[in-house]
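Student: Dropping the sequence and predicted coords here.
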Amino acid sequence: MKIYIGQIYIEPKVFYPFSHLFQIWLGEELTKRLKPSKEFIINYGEDFDLIFRVSAKSRISEVEIKGPTIFKRDKDIEFTVFLPFSDSNTNGVVKYRQVLTRLFNGIVNALQSLGIDASNVINDSAELIEYFYSAPEMISTR
């Protein structure tokens, strides 16, 4: 089971500037920390992958998770994690710590809904967030 991260934003000017390198890095870090549960293997098989689409909405105050959407032919299970967004989040430096904490919480909730043990993600989320801060390539500058 591999984990992939993507981004899709549906509202104009409502987005977080995570780079494609962030998407690759986070997918690899999650893949290292997660194993399919017996429940997951029974329901989907060992060869299904998980895709998390990161998005944002301006009119929500809590994370919204949509999914799972199951693509049997592609052997993918997809969730969209909608993060709260407001203009106050972008005064100067974006408050990434809160945004990333919410993203990890959304991912953990989705994993748990599939019966996957997310304790390694929970335990390592602070370390992953700190790495994010040390790596300027995690933010797109365009």
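Tutor: Done, it's in. Just so you know, these numbers come straight off a predicted model, no measurement behind them.

Student: So for the closest residue to Gly67 other than its chain neighbours, what's the pLDDT?
Tutor: Distance criterion Cβ to Cβ, 6 or more residues apart in numbering; nearest residue to Gly67, sequence neighbours excluded, is Phe79 at 3.7 Å. Just so you know, the C-beta spots here come from the backbone N, C-alpha and C atoms, and that holds for glycine as well. Phe79 is assigned 98 on the pLDDT scale.

Student: go on, the one 10 residues further on?
Tutor: Asn89 is assigned a predicted lDDT (pLDDT) of 48.

Student: just Lys72 next, same as before
Tutor: What the model reports as pLDDT for Lys72 is 95.

Student: Give me the distance between it and Leu114.
Tutor: According to Cβ to Cβ, to the nearest Å, Lys72 and Leu114 sit 15 Å apart.

Student: What is the burial count for the residue lying closest to Leu128 once chain neighbours are set aside?
Tutor: Leaving aside its sequence neighbours, Leu128 sits nearest to Glu29 (Cβ to Cβ, 6+ apart; 6.0 Å). Using other Cβ atoms under 10 Å, Glu29 has 18 neighbouring residues.

Student: tell me the phi and psi of Glu29?
Tutor: Per-residue torsions, Glu29: phi -70, psi -40 (degrees, to the nearest 10).

Student: What separation do you get for the residue nearest to Gly67 and Asp47?
Tutor: Phe79 is 18 Å from Asp47, by Cβ to Cβ.

Student: neighbour count winner among the two?
Tutor: Shown here are Phe79 and Asp47; by other Cβ under 10 Å, Phe79 has more neighbours (21 against 10).

Student: Next up, the contacts around the more buried one.
Tutor: The contact partners of Phe79, by Cβ atoms under 8 Å, 6 or more residues apart in numbering, come to Leu50, Ile51, Phe52, Arg53, Ile65, Lys66, Gly67, Pro68, Thr69, Ile107, Ala110.

Student: Same question for Glu39.
Tutor: Leu114, Gly115.

Student: Can you tell me the SS state at it?
Tutor: helix (DSSP: H, G, I helix; E, B strand; the rest coil).
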